[in-house]
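> sequence first, predicted model second:
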Amino acid sequence: MSKLVGAVAIAGGGIAGIQSAIDLASSGLKVYLIESNTTIGGKMAQMDKTFPTLDCSMCTLSPKLAEVARHPNIELMTYSEITGITGEPGDFTVTVKNKATYVDPDKCTACGLCVSKCPVKVPDEYNEGQNNRKAIYLAFPQAVPRVFTIDAEHCLYLTKGKCGNCQKACENDAINYEDTDKEVDINVGSIILNTGFEPYDASNLEQYRVDHPNVVTSLEFERQLSSSGPFEGHVTLADGTHPKAIAWIQCVGSRSPEIGRKTCSSVCCMYATKEAMVAMEHDLDLETTIFNIDVRAFGKGFEEFYQKARNEKGIRFVHSRPSGVEVDPVTDNISLKYEAEDGSGIKHEEFDMIVLSIGLTPSESSKNLAQIAGVEMDDNDFVKTKIDSPLETSKPGIFVCGAMQAPKDIPDTVADASGAASKASSLLSSERGTLVTEKKYPPEKEMGDEIRTGVIVCRCGINIGNIVDVPDVVEYAKTLPHVVFAKEEVYACSTDSLEGIADLVREHNLNHMVVASCTPRTHEPLFRETLMEAGLNPYLFELANIREHCSWVHQNNKKEATKKARDIVRMSVSRANLLQPLYKEKLEFNNNALVIGGGIAGMNAALDIGEKGFKVTLLEKESGLGGMLLKFTHLQDGRTTKEVLEPLIQKVESNPNITVHKETELTEQEGSMGNFKGHIKGANIDEDIEFGVAIIATGANEFEPEGYFSYGEYSNIITQSQLEQRLDEGLDAKNVVIIQCAGGRNDDRPYCSRACCTVAMKNAIRLKESDPDRNVTILYRDIRTFGVWEELYTKARELGMVFMRYSEDKEPEVSEKTVRVFDHLMNMDFEINYDLMVLSTPMVTPETNELLAPMFKVTLDANRFFLEAHIKLRPVECATDGVFLAGTSQAPKLVDESVSQASAAASRACTILSRDFLESIGNVSVVDPDLCIGCGRCTLVCPYKAPELKEVTVETEEIVYITKKSEINPAVCKGCGCCAAECPTGAITARHFTTPQIMAVVKAYGEGI
Amino acid sequence: MTEQEWTPKIVAFCCNWCSYGGADTAGMGRFQQPASTRVIRVMCSGRIDPLHVFNAFLEGADAVLVTGCHIGDCHYVNGNEKTRVRFEFLEEMLQQLGLEPERLHLKWISASEGEKFANFIKDVTAKVKELGPSPLKPAGVK
């Protein structure tokens, strides 16, 4: 490599591109984010809610859109496509064609005057064509960049030379009909491809009758559910009424080799369940049925979500695939014909609406892009990668992530995206900081003597607006002390609303700000930054949580919810009025990492960090590296685990930045991000250790199914890992029965373990291929070979494996040589002889999790896996800063997923390690020496030893004496405020949570109840 | 207003990292609860001064909830252990003032325990409803 360029081109501005861009730009690299649409956000922007938490999709996405829009190191290139790539790793030239928008982005203020004057109506792509937009448009209200575009194909002026209304309407002279396409070359060191997927075009399949107005695709339905959708969140039939019975048909364009769509789309079972659940929230009497082959609820929290949908919400799941939609020629009613699960034959059932769960397919533009980049594709048109290097394409320096590599959901895509960022930046680590600029904020304006507070009340679409009377709360806010301005917003966190805050501050000379919207735990950083951009200190901001704490939990009581929202706003304003500007200090920190666990995830995480030039300590409690994978002999692609592990171990052990300690554990741990201090103890070591970030990669174990299906009673009943060892030794069993979900998906372990179905297929195929005469029977509840692993299931069936479904209330009964299983379709018991039985058991967490979690102040979930900071968008971070998760410590995973997540954790960790300094928090506590009596109680309660008693000489008019006074070290203080509550003289002020501030809130509480 | 329509007024002091997050999670899970409670956020339950709690009663609260991370889970190592010690003192003081013990609660709720938060609000609201308005309420407040 002759030359290295410290910049990365990212193709695709969906959630993957956004995450990669943020990671890279925060690690000191310049980013070009190239998106073919007029806005970034991708498919996630079209989603209403996300499974399994039913979080509002736009609410979690829009802060990220705003972050990209504001990041000084990200250059957004929307309405643009890559047309050429030349060069070599470290030094590529990417040619980008930028389509004409006919609107000058520097002049457009997105006021929307042009839209009202445009006479042309065009089906709105954002709402899947279910309503119209104009020929000049903004894709959706939160779009980034917030600049209008003229649709050249439909504009009257551009097609026929007449009209010109928008130009006349524009007060800022932003319309430029002479605009032309431009081509620019950008110079980058590496490239990330993530142009995502295209929803399957159901009109290819005539039997599903998409021509009928009440047959809709799942994406159309998703838009119908959305408050910003075509019917403001009300699911609507062609005649304008609302459906009473809706059916979903799964696997439309997925799991269908006959039409060339061989893969499972991974997300449809869960999104259909989510859609049914949300639709039932809107209409309590709605009947919902999901027709499926298997319910693939394989991700974290999915199985629990599915069981809740089935058992508590009353969603009907039918294991049957209707052949098509039937339309009655007389009544035009729609119905489905399907085979009943209980063996009672063919059923015929009418529905008001039928939703087609369309799959994820590679887009044409992705295929073109892959060709331009010269990367190899697999036979499903996904970009080809290997299990142990899932982010690397066939071309060095070009990486792939998200649904362009395989169908996958948002958290896996986000993890991939961070992982790809890690790979791209490893290559360019020497060039960090060469092409970037630091973000500059305007100087803080004078506070003045008068408190002038502004209030914005957010509707959050319908999330708040449908429950709380927002205009009433706005009017009420105007009556509160020091409030000089109040207004409402549809989405306070949208880029335009945020940009408007700076104008409000200027126009109304505001010096304090309250936004009544959602929780400060997610949105406070965003609004604080906005305040800084407006020239106000970030600590002068206060969020009033009227969503999580109000509209969402009082959905059936609008009156009380509105009253509560008024109270919350009043209390927040009383606090905001007393807030003071606070400042941070620069702190020294350790820019090295500790990785706990030397399995495939821990090793990859350590390597990714080490390759970027940071020191890593890798702890492994066993005597060798390799983790859980050592128990298994083969991967799904036929390679042996040894083939993959040996070179990896060699790479880790020979990396000069990585120190490996085997048979060693972390025994003590304290401190916080940047300055963790721990103690490690092991075979050859017993010492203190300091580190800046930690990655927990402690993995999982295969569950020993003692007590399940007679395991332990008979020696011919084994687990999958034992089977792999036995297969290597040579196995003569002629009749093999495999039982899925042994010890999983039950009350003790309610989760699905994700990997077992794929592992079972892999081993079943090996059983059959090593002896074609062998009979292999698989007893299962749902086959969950998601994504590309569906092909293993197809292959297993082709090889003649027998599959029988059992239900959890009628489990197979196992005796020494036979197993009795009830077949629902035939409505009878079968007895199967076996000489070897294999149990697929779930992954379970190691006991060390219980020790590590409190050490790092992180939380374990109900199944004792580590809890991530946000299930969708922060899959590898803990809520505690500086602690990250990789591999199966977070949830059960396949090998490729663990590897990708390890890189993701490394990427997130390196956004911290690559900083020059850390900043203290602003809300540290301070001691007033005049009030301090030197009792030292603060030094006793502080867990960080921030307060220290120091000898001081006090001089008064009468005497001079030496005494002790407390002093708090701001670099060490974490701002909990415990010392302030303990101080007997009130000498300690817990900044930002001072006694006057808290008491003002208490008093404001009393004023309105 | 008749006795039956009366809804208790409750103040919940929540720590930023656990119980406030639990209340958020209750929202995310749409765990419906009576609209009786107003949350006051502090960074750590260990910041809660007995003074804040008494003042909440004096401002008209019929019950006050002190909530934080589970013991061992405190974001600030052991702030909640100080809360526990202070709470014992608070309970004693309230007893001396003649206030029923059901009007003051200490509860550990993690950020993932949304349903627990909602159930806690439901339970306390029902209990305090039986007790009726707090005797410490200032005149004129219902």
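Looks like it came in fine. Computed from a predicted model, the values in this text were never measured in an experiment.

> show me what stretch A:961-968 is in contact with.
A:924-927, A:929, A:932, A:934, A:936, A:938-939, A:946-954, A:979, A:987-988 (CB atoms under 8 Å, 6 or more residues apart in numbering or on different chains). Every residue, glycine included, has its C-beta placed from N, CA and C.

> where does chain A dip in pLDDT?
The model of chain A has pLDDT under 70 over residues A:1-2.

> please, where are all the strands along the stretch 851-1000 of chain A?
A:883-885, A:918-919, A:925-927, A:947-955, A:960-968, A:988-990 (DSSP state E, counting those that start in this stretch).

> so which of those strands is the most packed in?
Each of the strands of the stretch 851-1000 of chain A was scored by mean neighbour count; the highest is strand A:883-885, a mean of 30, by mean count of other CB atoms under 10 Å in any protein chain shown.

> just checking that strand against chain B, any contact.
No - using CB under 8 Å from any CB of the partner chain, we find that strand A:883-885 stays clear of chain B, coming within 11.9 Å at best.

> same question for stretch A:259-276.
No - judged by CB under 8 Å from any CB, stretch A:259-276 stays clear of chain B, getting no closer than 13.1 Å.

> how about low-confidence regions in chain B?
Using pLDDT under 70, the flagged stretches of chain B are B:1-4, B:140-142.

> geometric centre of it: which residue is closest?
residue B:65 (1.2 Å; CA atoms, centre = their mean).

> what helix or strand is that residue on?
strand B:63-68 (DSSP states H and E).

> hang on, the earlier thing: of all the strands of the stretch 851-1000 of chain A, which lies closest to residue A:551?
strand A:988-990 (30.5 Å; CB to CB).

> please work out which residues outside that closest one touch it.
So strand A:988-990 is contacted by A:923, A:925-928, A:932, A:938, A:947, A:966, A:968, A:975-977, A:979-982, A:995, B:43, B:47 (CB under 8 Å, 6+ apart).

> cool, stretch A:815-823 as well?
Taking CB under 8 Å, 6+ apart as the rule, stretch A:815-823 contacts A:710, A:713-714, A:716, A:737, A:739, A:779, A:804-807, A:810, A:812-813, A:828-835, A:837.

> quick one: buried residues of it?
A:819, A:821, A:822 (16 or more other CB atoms under 10 Å in any protein chain shown).

> so what's residue A:337 bridging to?
Beta-bridge pairing of residue A:337 under DSSP bridges involves residue A:348.

> and residue A:668, by the same measure?
Residues in beta-bridge contact with residue A:668 (DSSP bridges): residue A:679.

> swap in residue A:191?
Beta-bridge partners, per DSSP bridges, of residue A:191: residue A:9, residue A:398.

> check contacts around it.
Applying CB under 8 Å, 6+ apart, the residues contacting residue A:191 are A:8, A:9, A:10, A:11, A:85, A:92, A:94, A:373, A:397, A:398, A:399, A:424.

> what's the answer for residue A:343, then?
Contacts here follow CB under 8 Å, 6+ apart; on that basis residue A:343 touches A:824, A:825, A:826, A:827.

> go on, residue A:975?
A:921, A:923, A:924, A:925, A:990, A:991, A:992, B:43.

> switch the cut-off to 10 Å
A:582, A:920-925, A:946, A:990-993, B:16, B:43-44, B:47, B:76 (CB atoms under 10 Å, 6 or more residues apart in numbering or on different chains).

> tell me where chain B has strands.
With strands called from DSSP state E, chain B shows them at B:10-15, B:37-42, B:63-68, B:104-108.

> please name every helix or strand in contact with the second one.
Judged by 3 or more CB pairs under 10 Å, 6 or more residues apart in numbering or on different chains; DSSP states H and E, the packing partners of strand B:37-42 are strand A:541-545, helix A:558-576, helix A:995-1008, strand B:10-15, helix B:19-28, helix B:50-58, strand B:63-68, helix B:114-131.

> now list the buried members of the contacts of stretch A:815-823.
A:710, A:737, A:739, A:779, A:804, A:805, A:806, A:812, A:830, A:832, A:834, A:837.

> torsion angles phi and psi at the residue nearest to the second one when sequence neighbours are not counted?
The reference is to residue A:737. Closest residue in space to residue A:737, ignoring its immediate chain neighbours: residue A:834 at 4.2 Å, by CB to CB, 6 or more residues apart in numbering or on different chains. Note on residue A:834: backbone dihedrals following degrees, to the nearest 10 are phi -140, psi 150.

> ok, now how distant is residue A:834 from residue A:770?
17 Å (CB to CB, to the nearest Å).

> and if you look at residue A:586?
Taking CB to CB, one finds residue A:586 at 63 Å from residue A:770.

> before we move on, back to that, want to throw the helices and strands packed on strand B:37-42 into JSON lines with distance to residue A:64?
Output for those, formatted as JSON lines (distance: least, CB to CB, whole Å):
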{"stretch": "strand A:541-545", "distance to residue A:64": "18"}
{"stretch": "helix A:558-576", "distance to residue A:64": "25"}
{"stretch": "helix A:995-1008", "distance to residue A:64": "31"}
{"stretch": "strand B:10-15", "distance to residue A:64": "27"}
{"stretch": "helix B:19-28", "distance to residue A:64": "18"}
{"stretch": "helix B:50-58", "distance to residue A:64": "36"}
{"stretch": "strand B:63-68", "distance to residue A:64": "30"}
{"stretch": "helix B:114-131", "distance to residue A:64": "24"}
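
> looking at those, spot the one closest to residue A:886.
helix B:19-28 (23.4 Å).

> report the buried residues of the closest one.
Of the residues in helix B:19-28, those buried (16+ other CB under 10 Å) are B:19, B:20, B:21, B:22, B:23, B:24, B:25, B:26, B:27, B:28.

> do the same with stretch A:171-185
For stretch A:171-185, by 16+ other CB under 10 Å, it's A:174, A:175, A:176, A:179.

> kindly report the same for stretch B:47-59.
Neighbour-count burial for stretch B:47-59 [16+ other CB under 10 Å]: B:47, B:48, B:49, B:52, B:53, B:54, B:55, B:56, B:57, B:59.

> for chain B, what's its nearest residue on the stretch 151-300 of chain A.
residue A:281 (7.4 Å; CB to the nearest CB).

> next up, the contacts around that residue.
Neighbours of residue A:281 in contact, by CB under 10 Å, 6+ apart: A:49, A:54, A:225, A:313, A:555, B:30.

> can you give me phi and psi for the closest residue to residue A:268 other than its chain neighbours?
Closest residue in space to residue A:268, ignoring its immediate chain neighbours: residue A:357 at 4.2 Å, by CB to CB, 6+ apart. Main-chain torsions, residue A:357, degrees, to the nearest 10: phi -80, psi 90.

> list the buried residues of the helix or strand encompassing the residue of the stretch 151-300 of chain A closest to chain B.
Using DSSP H and E, residue A:281 sits within helix A:268-282. Neighbour counts over helix A:268-282 (16+ other CB under 10 Å) mark A:268-280 as buried.
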